[in-house]
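Asker: Mind folding the following:
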Amino acid sequence: MATKLTRAAETIVTCYNIGHSFDVYAQRLERVRKKMGEEAYKLLKEHETVSDGSPVFCNLHWEDTQAARTLRLSVDEFEKNHPEHAQELEETIAYQREVKRNYVQFGVKPSKEIPDELYLSVLKEIGIPDNIAKSTLNTALKLSEYLKKKKKSEKPLSMLMD
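Answerer: Got it, this is the predicted structure:
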């Protein structure tokens with residue numbers, strides 16, 4: 001019979017092995033996503049649009065953001081500790097509060113689906129071999145579907161660009 005420590009250690013190692021595998025590819029996916037986000041932002045600013053037949057949408061979205069209450073507490077503490085920089089910090093915060101944030105907003109159009117071939121090409125782009133990509137895709141899509149059902153919210157995703 002396994003001890004509590006054995007079960008804990010086995011779980012730690014298992015979580016690390018699974019997590020490390022996902023993390024490596026997640027980092028690669030993040031690099032591709034950021035690169036394509038910058039490209040999309042540039043093209044959207046040039047008034048390019050997504051093709052009519054595409055299952056996805058992509059547009060620019062601006063948002064005025066307000067700083068949270070915790071920011072004010074942090075500023076007050078900073079001003080106490082560094083009074084010589086307090087005015088400069090207040091001016092920077094005032095400027096940043098007035099700035100609109102630019103986002104690239106994207107998602108899948110209602111009642112549309114992204115073809116498996118597109119998913120497979122992205123998996124290949126980040127280095128997953130063909131023979132593993134298909135089973136990885138099936139698992140990833142099942143997990144995604146499960147998480148969507150659990151979340152019950154289908155709002156567009158955004159990337160901050162500025």
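
Asker: hey, let's count contacts and neighbours off CA atoms from now on
Answerer: OK.

Asker: Please name every helix or strand in contact with the helix or strand of the chain with the lowest mean pLDDT.
Answerer: The helix or strand of the chain with the poorest confidence is strand 157-160; it has a mean of 72 (mean pLDDT, DSSP states H and E). Where contact means 3 or more CA pairs under 8 Å, 6 or more residues apart in numbering; DSSP states H and E, strand 157-160 is packed against strand 100-108.

Asker: per-residue pLDDT, Asn17?
Answerer: pLDDT recorded at Asn17 is 68.

Asker: Count the residues that sit near Cys58.
Answerer: 21 (other CA atoms under 10 Å).

Asker: swap in Val104?
Answerer: Neighbours of Val104 under the rule other CA under 10 Å: 21.

Asker: what sits against it?
Answerer: Gly37, Ala40, Tyr41, Cys58, Asn59, Leu60, His61, Ser158, Met159, Leu160, Met161 (CA atoms under 8 Å, 6 or more residues apart in numbering).

Asker: For the residue nearest to Cys58 when sequence neighbours are not counted, list each beta-bridge partner.
Answerer: Excluding the flanking residues, the one nearest Cys58 by CA to CA, 6 or more residues apart in numbering is Phe106, at 4.3 Å. For Phe106, the beta-bridge assignment (DSSP bridges) gives partners Cys58, Leu157.
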